[in-house]
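Participant: Could you work out the structure for the sequence below:
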Amino acid sequence: MLSWSKHLYPTVRVSTLVQAVAVLRPAQQDVLFYTALWLMLLSVSLPAAAQDAVLRGLVLDAGTHQPIPNAQVGIGGNKLGTSTNSDGRFALRVPAAYQASELEVALLGYRRYMRALPPLPGPELRIELSSNPAGLGTVAITSSATSIIREAVARIAQNYPVRPTRLTGFLRESDEDATAHTYEYLAEGVLLVRKPPYPRPRDQGDVQVLQARKVDLRPRQPGAALPPINWIAGPFIPHRFDFVHSRAEFISAAHFKDYQYRFSPQTTFQGRAVYVITFEPRPGTNRANFAGQLYIDEQSYAFLGAEWHRTPTGIRRERVLLFRATERAYRVDYQRYAGRYHLKSVWYNTLGEPLAGHVRRHLAEYLTTAIDTAQTPPPTYRERTQYADIFLASPTPYDSAFWNHYTISLPPTQLRLDLLAQAARPAADTLPAPAPPAPRRPWLGQVARRLSYTYAAGLLPLTGPGAVARAVVAPVGSAFRADGQATTNKPAVACYFGFGAQVAVTKSLAAYGFQRSLLGGQLQGEGWEAGLTYARNLNPRGRPLWGRVGLGYVRQAVGRSLGTFDNPDADLQLAGTHLAASSLTLALQTQTTALQPKLGLALELGHQLDLAADLGYLLPLRTRSQLRLQETDEGFFSVANTAILPLPAAEAQVYLAGQPTAEVPWRPDRWLLTVGLCYRLQRR
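Facilitator: Here you go, the predicted model:
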């Protein structure tokens with residue numbers, strides 16, 4: 001029998017899990033395996049690594065004997081710590097070097113609790129916090145609320161780190177069916193968060209995901225696929241909602257005119273008096289997005305925390321297209337260590353309804369478990385998580401042993417029950433034998449991992465004199481006749497745009513194809529290019545900068561429209577093409593084929609996005625002069641046929657500056673510049 005901690009978890013038999021696995025499909029077996037393993041790590045978990053011990057505790061209100069959630073628990077002067085969960089419980093991993101230090105438990109409005117750590121391991125501690133509101137209503141307040149906020153902002157450099165600080169933190173995200181009150185998915189991760197200096201609010205900081213794990217708790221129907229979960233808050237929560245560092249609008253002097261502030265009854269934190277300032281939109285304004293409360297230390301003027309929510313106007317102003325939110329609420333706390341205040345926890349709650357689905361509650365919780373003020377080097381570019389990365393798609397391989405070395409936040413009771421229910425469900429509700437799986441096509445996945453797309457624009461120099469061009473097309477035996485002319489200035493440079501695809505043959509070598517169209521101006525044309533590109537990273541220790549060498553085969557048309565003409569001949573045949581449309585467009589063009597060696601650079605903007613620039617040199621192989629007749633579109637579903645008449649042609653005469661000619665002088669010059677964005681389907 002496998003049993004969980006008597007204080008935290010129910011009991012599950014191994015035989016139950018084995019029976020459950022036996023009736024599941026492979027994908028479901030994976031879900032069950034991770035669910036069971038997760039529960040083991042959350043419970044028996046914390047015996048742990050060799051020299052670490054686990055301190056467990058239950059924090060209660062001394063007056064009501066009710067559990068106190070979100071209390072800050074710290075050791076080593078708050079360098080290491082955790083917080084109580086919704087049941088008032090915590091579990092803190094205590095390294096050997098800290099087992100002789102003091103335990104500190106604090107929460108706004110309560111007296112601070114301090115005592116020496118008991119011998120570890122040991123039984124669960126029962127800690128009672130006493131409220132401390134007495135006498136605070138008599139504290140004299142001589143300043144206005146906005147004056148206190150201004151002073152707190154002015155003292156940020158005194159109260160918060162002025163050098164980069166690295167936090168180790170635990171992040172949990174969960175999605176709950178708001179009607180049934182059952183969880184639908186759970187994702188957790190251990191993060192390294194590099195906080196930039198607080199006097200630099202524009203610095204976004206870095207995040208490194210050390211480990212992540214996830215489980216889908218939605219009920220499964222036989223033969224039915226579950227829709228993907230693709231909306232989450234992400235690992236940048238410790239930066240996004242750090243309102244002191246980002247200077248949120250409700251503490252910004254530029255927005256004071258949009259809010260009204262007032263004092264609420266004062267409270268205490270860590271034995272010190274605290275200003276409590278309530279803020280909300282000023283009547284008559286629609287520019288304020290938030291309402292809530294600020295907590296500011298009376299002596300140091302440090303922001304100790306805040307809790308706030310978006311107003312209905314603030315929710316509408318977000319313009320979230322795929323989710324109709326009815327509530328967005330936030331809570332952020334800070335803790336003191338080494339004379340400065342550091343981010344302790346973030347709580348972010350969203351209630352609403354996706355465009356397709358039932359009402360859901362999304363909860364994201366971040367908790368700092370360790371603070372490192374040493375000036376460690378920042379993570380390399382490859383180690384850093386990017387803002388566009390989603391937490392559920394973390395590329396970090398799952399490592400079960402990893403979790404035994406880090407403090408995590410205990411999950412609430414309902415979440416633990418849902419995890420256990422997910423593990424036990426298949427045994428009670430045996431699914432019928434699944435249909436034989438469709439044959440897999442592994443080559444499709446290989447292609448997807450190697451495929452990327454390019455959207456690009458560029459410059460194409462042109463050669464040729466300015467002249468009056470005229471063409472007469474009169475096929476023998478046909479009623480169609482076109483006689484058009486146009487004056488063309490001396491061409492200089494044409495702009496173009498295009499779209500392409502690229503497949504990686506090896507890590508450095510790729511095959512590509514690209515289609516381009518000249519933009520506007522007198523001369524127009526279509527072209528394409530195909531070839532090979534070799535790339536090498538010139539900056540392996542930082543943001544990748546790829547040097548590129550390539551060779552392509554180019555075919556490019558450059559032409560001038562001479563007008564659109566009626567076509568009375570529904571049976572018109574030109575150059576083997578049937579042209580039945582009632583009107584045809586006539587153009588005079590050259591078509592050049594060439595080899596193009598090129599050099600370029602590509603800067604990685606994100607794990608899946610590059611900015612590339614290439615400069616090519618055209619080595620012409622052949623240039624042809626042509627007349628192009630193309631059907632005009634006559635309907636949404638019509639297909640326009642195009643006939644190409646090589647010059648000279650029996651059906652046509654061409655004149656340039658009044659003189660008969662079979663050669664059109666407009667053609668691409670030697671150089672070809674391309675700048676574009678390359679998007680990879682998979683991270684490099």
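
Participant: switch to C-alpha atoms for all contacts and neighbour counts from now on
Facilitator: Will do.

Participant: And what about the residue nearest to the spatial centre of the chain, helix, strand or coil?
Facilitator: The chain has Ala388 as the residue nearest its centroid, 2.0 Å off, counting by CA atoms, centre = their mean. Classification of Ala388 by DSSP: H, G, I helix; E, B strand; the rest coil places it in coil.

Participant: Ala649 now?
Facilitator: Three-state assignment for Ala649 (three-state DSSP): coil.

Participant: Distance check, it against Ser561.
Facilitator: To Ser561, Ala649 is 18 Å away according to CA to CA, to the nearest Å.

Participant: same thing with Pro491?
Facilitator: With distances taken as CA to CA, Pro491 is found 14 Å from Ser561.

Participant: my read: Glu307 touches Arg331, true?
Facilitator: Yes. Using CA atoms under 8 Å, Glu307 is in contact with Arg331, at 4.2 Å.

Participant: so the residue of the chain positioned farthest from its centre, which of the three states?
Facilitator: Centroid-distance maximum for the chain: Gly477 at 64.3 Å, with CA atoms, centre = their mean. Secondary structure for Gly477, judged by three-state DSSP, is coil.

Participant: Quick check: pLDDT value at it.
Facilitator: Gly477 is assigned 89 on the pLDDT scale.

Participant: Equivalent analysis for the one 4 residues further on, please.
Facilitator: pLDDT, Arg481: 94.

Participant: Then the one 10 residues further on?
Facilitator: At Pro491 the predicted local distance difference test score is 81.

Participant: check contacts around it.
Facilitator: Contact partners of Pro491, counting by CA atoms under 8 Å, 6 or more residues apart in numbering, are 462-466, 523, 666.

Participant: Of the residues you listed, grab the buried ones for PyMOL.
Facilitator: Buried residues within those, by 16 or more other CA atoms under 10 Å, are selected in PyMOL with:
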select buried, resi 462+464+523+666
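
Participant: JSON lines for the contacts of Pro491, including distance to Phe497, pLDDT and secondary structure?
Facilitator: JSON lines is the format used below for the contacts of Pro491 (distance: CA to CA, whole Å; pLDDT from 0 to 100; DSSP: H, G, I helix; E, B strand; the rest coil):
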{"residue": "Leu462", "distance to Phe497": "16", "pLDDT": "91", "secondary structure": "strand"}
{"residue": "Thr463", "distance to Phe497": "20", "pLDDT": "89", "secondary structure": "strand"}
{"residue": "Gly464", "distance to Phe497": "22", "pLDDT": "86", "secondary structure": "coil"}
{"residue": "Pro465", "distance to Phe497": "24", "pLDDT": "86", "secondary structure": "coil"}
{"residue": "Gly466", "distance to Phe497": "24", "pLDDT": "85", "secondary structure": "coil"}
{"residue": "Leu523", "distance to Phe497": "14", "pLDDT": "88", "secondary structure": "strand"}
{"residue": "Trp666", "distance to Phe497": "19", "pLDDT": "86", "secondary structure": "coil"}
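
Participant: Make a markdown table out of the contacts of Pro491 and add distance to Val190.
Facilitator: Shown next, in a markdown table, are the contacts of Pro491 (distance: CA to CA, whole Å):
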| residue | distance to Val190 |
| --- | --- |
| Leu462 | 57 |
| Thr463 | 61 |
| Gly464 | 64 |
| Pro465 | 67 |
| Gly466 | 67 |
| Leu523 | 58 |
| Trp666 | 62 |
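
Participant: between the contacts of Pro491, which is closest to Gly284?
Facilitator: Using CA to CA, Leu523 comes nearest to Gly284 of the contacts of Pro491, at 57.1 Å.

Participant: So the closest one is in contact with Ala557, correct?
Facilitator: No. When contacts are counted by CA under 8 Å, Leu523 is not listed as touching Ala557 (9.7 Å).

Participant: returning to what we had before: check the gap between the residue nearest to the centre of the chain and Ile232 for me.
Facilitator: Counting by CA to CA, the separation of Ala388 from Ile232 is 11 Å.

Participant: How about Ala96?
Facilitator: The value you get for Ala96 to Ile232, if CA to CA is used, is 37 Å.

Participant: ok, the two, which is more surrounded?
Facilitator: Of the pair Ala96 and Ile232, Ile232 is the one with more neighbours under other CA atoms under 10 Å, namely 16 against 12.

Participant: still on that earlier bit, list the residues that contact the residue farthest from the centre of the chain.
Facilitator: Contact analysis of Gly477 by CA under 8 Å, 6+ apart lists nothing.

Participant: Just give the nearest non-adjacent residue to Val73, would you?
Facilitator: Val105 (4.6 Å; CA to CA, 6 or more residues apart in numbering).

Participant: Residues in a beta bridge with that neighbour, which ones?
Facilitator: Counting by DSSP bridges, Val105 is bridged to Val73, Tyr113.

Participant: Next: Leu343.
Facilitator: Legend: beta-bridge partners of Leu343 under DSSP bridges are Tyr334.

Participant: where in the stretch 201-350 of the chain is pLDDT low?
Facilitator: When residues are selected by pLDDT under 70, those of the stretch 201-350 of the chain lie in 222-224, 228-231.

Participant: could you pull out the strands for it?
Facilitator: For the stretch 201-350 of the chain, the strands defined by DSSP state E, counting those that start in this stretch cover 206-216, 259-269, 272-281, 290-297, 303-310, 323-337, 340-354.

Participant: what about the fifth one, distance to the chain center?
Facilitator: Relative to the centre of its chain, strand 303-310 is centred 25 Å away, using CA atoms, centre = their mean, to the nearest Å.

Participant: swap in stretch 237-253?
Facilitator: On CA atoms, centre = their mean, the centre of stretch 237-253 falls 20 Å from that of its chain.

Participant: Strands along the stretch 1-150 of the chain, start to end?
Facilitator: Going by DSSP E, counting those that start in this stretch, the stretch 1-150 of the chain shows strands at 2-3, 11-12, 53-61, 72-75, 80-83, 89-94, 102-106, 113-116, 125-129.
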